[in-house]
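K.L.:
dropping the sequence and predicted coords here.
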Amino acid sequence: MLCSLYNRDLSKYSEKALTILLCIDGWYIGYYNKGGRYKDVNIYWMEMLDMDKYLLPILESHDEQYFTDFIKEHHLKTTITMKNNHLYCERNINIPDYEFELVQPVTRENMSDSELRLLYKMNPDEIITAAACYKDSYSICRKAG
């Protein structure tokens, strides 16, 4: 998504670099999840973000195990956390060395579709992010009160 928002030209990148992008972002998961049942949603967002012409051929030419093996081979499975207001990663990867300040406490919750709709109707500015996780179930981050 960030590549799209910042108008990053992906045509300059190799298949390996694009595969890394698919792996670290976890975008490949939605394509294969539940036997590919929801890959149309994944493809829809790739098209909306104008990434389909670069990423979809990679997904179509490989299976999920390819990405699992790629992550293991290139040591891409790691966690980035916050320590003393700085990003921290156990692996030696290039992450921004900035000091971050928490300006808004946030809570993460899981809720039904109807609960999310009611919250949105009552106070839409309270919702920071919402992601559909399962049928009629959402994981949200909302401003802590």
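P.N.:
Everything's here; your move. Residues are numbered from 1 along each chain as shown.

K.L.:
does the residue nearest to residue 15 when sequence neighbours are not counted lie in a helix or a strand, and which?
P.N.:
Ranked by C-beta to C-beta, 6 or more residues apart in numbering and with sequence neighbours excluded, the top spatial neighbour of residue 15 is residue 58, at 6.1 Å. Backbone N, C-alpha and C define where each C-beta goes, glycine included. Element membership for residue 58, per DSSP states H and E: helix 52-60.

K.L.:
contacts for the helix or strand following that helix, please.
P.N.:
Next in sequence after helix 52-60, counting helices and strands by DSSP H and E, comes helix 64-73. Helix 64-73 is contacted from outside by 19, 22, 23, 28, 29, 32, 76, 77, using C-beta atoms under 8 Å, 6 or more residues apart in numbering.

K.L.:
and whatever helix or strand the first one lives in, what does it pack against?
P.N.:
Okay, so that is residue 19. For residue 19, the host element (DSSP H and E) is helix 15-25. For helix 15-25, the packing partners by 3 or more C-beta pairs under 8 Å, 6 or more residues apart in numbering; DSSP states H and E come out as helix 52-60, helix 64-73.

K.L.:
which parts of the chain are helices?
P.N.:
2-5, 15-25, 27-36, 39-48, 52-60, 64-73, 113-122 (DSSP state H).

K.L.:
find the nearest non-adjacent residue to residue 120, please.
P.N.:
In space, and not counting its chain neighbours, residue 120 is closest to residue 127: 6.2 Å by C-beta to C-beta, 6+ apart.

K.L.:
which residues does the one you found contact?
P.N.:
Contacts of residue 127 (C-beta under 8 Å, 6+ apart): 116, 119, 120, 140, 141, 142.
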